[in-house]
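Peer 1: Need a 3D model of the sequence below.
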Amino acid sequence: MSIKIGLERSIELLKLIGNPQNNFKIIHVGGTNGKGSISSFIGSMLNSCSLKIGRYNSPHFIHEYDSIRIFEKTVSKQRYDKAREIVVKANAAHNLKASQFELLTATAFLCFSMEKVDVAIVEVGLGGRLDATNVCPDSLASVFSSIGIDHQAFLGNTVEEIASEKSGIIKDNVPVIIAPQSYNSAKEILCHQAKEHHSPCYLVSTSRKHPTKPNWAINTFFGQDFEYPLPLQGGFQLDNSAVAVKTVEVVIKQLIEQKIKPFSSISSYQDNLQVINEKIRKGLSEVKWPGRLEWLVHNKCGKVLLDGAHNTDCAYALKKYIDEYFESGISTQNHHSRPIQWIFGMTHGKDLEKVLDILVSPEDSVYCVPFRQPEQMTWIHCTPPKDIKETLLQKYQSQFTETELNVNAFACLKDIREKRMKKNGTEPLVVVCGSLYLVADIYQSLLLAV
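Peer 2: Next up, the predicted model:
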């Protein structure tokens, strides 16, 4: 089954199962990089405010149902199976031929309706204008992460074309929150569409102020400096968290105005700001987002850096993080040294050569690996490891120290752990990257919970 873009099947399918998307408010999150992190920040903050929150992210990590969360926990398999059965039967009975993503999206909306969530944070799957998620009538905010080049076959070859497609989630009179953008043209297109829809537009900028604690950040919240914990790694999470904090501010104002529980008894956010601040801080401190600059420590593989970096923007962010890791001296504390040992696998069709060019140095070692076929995503194929190796050898030729083909990523980790010998009290940094599906393989091999 291939990717299908368009709203007709989704609209008809949702109608057949009772239009569950009409039973809750949504926060719609689009963009290219950072959608998942922003969604996770927002979900955790609102969850701490005693709202019943649903969250739908794509792609799923290991199993389809882990893309659907209630109270920031994966929906129960029992609830998922019940909703899925209703959706699949409706699709088959009327021969709609909905795609797997359309079926999953309808299942997520039905789960949210069955669970009676107050607000659902919904991540766009692909693009925006014609995405299966773009069918919900009661939106509290349209949120945009950084926009870059990705999925050109479906969205266009330029940033302007891609931004235009993604701007399609903007609704009349619904606030728009925009992350700092690498491309000014993307920002201009989003702002123009917000104006066309008479929607308040918030351009988020990251505060230059220094927090009083390590791994904390400062941004404006309800017009005041707000200092908060930032558990996710990477400088780009300053931008993502700032977008999430602004979104939560915009949403809470609406919930107070609309007298939505638990804000129905609050007449003014100013009167309750201290309480709200503490709840938001608690939510931020509990944020988790697996596979994004995540340090995994396990007795079967040692200490490893996992990152789903799959396009050039993500690769630059990963490279910056690693460079800062070594420059800051933290690597010395962890007994890590260069050269780096990469375990690398990538989805077919991505810009393999450019990503490798950004990340890999001639003295590094690279283990070229496949990943398992993602559940219910038959259109996803991994790049053959031999193609990754050939790309590396064409670029570096005899300069390259080591390029190995291995059966899978976990076998590489075990192999590296067995071979790894400390020199001068240090050992090479091991990084698993190139695809979130590859990171998911590590989770499955180690039986880690999502």
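
Peer 1: Could you verify that Lys209 is part of a strand?
Peer 2: No: using DSSP: H, G, I helix; E, B strand; the rest coil, the assignment for Lys209 is coil, not a strand.

Peer 1: tally of neighbours for it?
Peer 2: Residues lying near Lys209 (other Cβ atoms under 10 Å) number 12. The way it works is simple: take the backbone N, C-alpha and C, and place the C-beta from them, glycine included.

Peer 1: Same question for Asp131.
Peer 2: As a burial measure, Asp131 scores 27 neighbours (other Cβ under 10 Å).

Peer 1: could you pull out the helices for the stretch 151-300 of the chain?
Peer 2: Counting by DSSP state H, counting those that start in this stretch, the stretch 151-300 of the chain has helices at residues 152-155, 159-166, 184-196, 236-257, 273-285.

Peer 1: can you check the stretch 1-150 of the chain too?
Peer 2: Going by DSSP H, counting those that start in this stretch, the stretch 1-150 of the chain shows helices at 8-16, 35-48, 77-93, 100-115.

Peer 1: Out of those helices, the one nearest Lys419 is which?
Peer 2: Taking Cβ to Cβ, helix 35-48 is the member of these nearest to Lys419, at 33.7 Å.

Peer 1: For that closest one, which helices and strands make contact with it?
Peer 2: Counting contacts by 3 or more Cβ pairs under 8 Å, 6 or more residues apart in numbering; DSSP states H and E, helix 35-48 packs against strand 25-30, strand 53-56, strand 119-123, helix 236-257, helix 273-285.

Peer 1: Helices of the stretch 301-450 of the chain, residue ranges please.
Peer 2: Using DSSP H, counting those that start in this stretch, the helices found in the stretch 301-450 of the chain span residues 312-327, 330-333, 352-359, 385-396, 409-419, 436-445.

Peer 1: buried sites along stretch 248-266?
Peer 2: Val248, Glu249, Val250, Val251, Ile252, Leu255, Ile256, Ile260, Phe263, Ile266 (16 or more other Cβ atoms under 10 Å).

Peer 1: How is the protein divided into domains?
Peer 2: 8-285, 294-445 (automatic domain parsing).

Peer 1: For the shortest one, give the mean pLDDT please.
Peer 2: Read it as domain 294-445. Averaging pLDDT along domain 294-445 gives 87.

Peer 1: Same list (the helices of the stretch 1-150 of the chain) but as a markdown table, adding mean neighbour count, distance to Ser207 and mean pLDDT.
Peer 2: Listed next are the helices of the stretch 1-150 of the chain as a markdown table, based on neighbours: other Cβ atoms under 10 Å; distance: least, Cβ to Cβ, whole Å; pLDDT from 0 to 100:
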| stretch | mean neighbour count | distance to Ser207 | mean pLDDT |
| --- | --- | --- | --- |
| helix 8-16 | 18 | 39 | 98 |
| helix 35-48 | 26 | 16 | 97 |
| helix 77-93 | 16 | 40 | 98 |
| helix 100-115 | 25 | 33 | 98 |
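
Peer 1: Now render these as CSV, adding distance to Cys412.
Peer 2: Shown next, in CSV, are these (distance: least, Cβ to Cβ, whole Å):
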stretch, distance to Cys412
helix 8-16, 40
helix 35-48, 25
helix 77-93, 31
helix 100-115, 30
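
Peer 1: deepest of the helices of the stretch 151-300 of the chain, which one?
Peer 2: Each of the helices of the stretch 151-300 of the chain was scored by mean neighbour count; the highest is helix 236-257, a mean of 23, by mean count of other Cβ atoms under 10 Å.

Peer 1: okay, the angle between it and strand 25-30?
Peer 2: Relative orientation of helix 236-257 versus strand 25-30 (axes from the mean of the first three to the mean of the last three Cα atoms, to 10 degrees): 160 degrees.

Peer 1: Work out the gap between helix 236-257 and the centre of the chain.
Peer 2: 17 Å (Cα atoms, centre = their mean, to the nearest Å).

Peer 1: again with stretch 362-382
Peer 2: Taking Cα atoms, centre = their mean, one finds the center of stretch 362-382 at 18 Å from the center of the full chain.

Peer 1: Okay, now it: how far is its last residue from its first?
Peer 2: With Cα to Cα, to the nearest Å as the measure, stretch 362-382 spans 24 Å from end to end.

Peer 1: if I read this right, Thr383 contacts Gly345, doesn't it?
Peer 2: Yes: at 7.1 Å, Thr383 and Gly345 qualify as touching, with contact defined as Cβ atoms under 8 Å.

Peer 1: the more surrounded of these two?
Peer 2: A count of neighbours by other Cβ under 10 Å puts Gly345 above the other of Thr383 and Gly345, at 27 against 21.

Peer 1: In contact with that one, which residues?
Peer 2: Residues counted as contacts of Gly345 (Cβ atoms under 8 Å, 6 or more residues apart in numbering) are 368-371, 382-383, 385, 388, 409, 434-435, 437-438.

Peer 1: Of those residues, just the buried ones, ChimeraX syntax please.
Peer 2: Selection of buried members from those for ChimeraX, criterion 16+ other Cβ under 10 Å:
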select :368,369,370,371,382,383,385,388,409,434,435,437,438
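
Peer 1: burial of the closest residue to Val250 other than its chain neighbours, as a residue count?
Peer 2: Once flanking residues are discounted, Val250 sits nearest to Pro175: 4.9 Å by Cβ to Cβ, 6 or more residues apart in numbering. Pro175: 24 surrounding residues under other Cβ under 10 Å.

Peer 1: What residue, apart from its backbone neighbours, is nearest Val88 spatially?
Peer 2: Leu103 is the one closest to Val88 (Cβ to Cβ, 6+ apart), at 6.5 Å.

Peer 1: Quick one, which of the helices of the stretch 151-300 of the chain gets closest to Gln394.
Peer 2: In terms of Cβ to Cβ, the element of the helices of the stretch 151-300 of the chain nearest to Gln394 is helix 152-155, at 22.9 Å.

Peer 1: How far away from the center of its chain is the closest one?
Peer 2: That offset, for helix 152-155, works out to 19 Å (Cα atoms, centre = their mean).

Peer 1: for that helix, packing partners?
Peer 2: helix 159-166.

Peer 1: on that earlier part again, with distance to Thr74 as new columns, can the helices of the stretch 151-300 of the chain be given to me in JSON lines?
Peer 2: As requested, the helices of the stretch 151-300 of the chain are exported to JSON lines (distance: least, Cβ to Cβ, whole Å):
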{"stretch": "helix 152-155", "distance to Thr74": "28"}
{"stretch": "helix 159-166", "distance to Thr74": "27"}
{"stretch": "helix 184-196", "distance to Thr74": "32"}
{"stretch": "helix 236-257", "distance to Thr74": "20"}
{"stretch": "helix 273-285", "distance to Thr74": "18"}
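
Peer 1: Quick check: which of these is nearest to Ala93?
Peer 2: helix 152-155 (29.0 Å).

Peer 1: From the rest of the structure, what touches that closest one?
Peer 2: Ile3, Ile5, Leu126, Gly127, Glu161, Ile162, Glu165, Lys166, Gly349.
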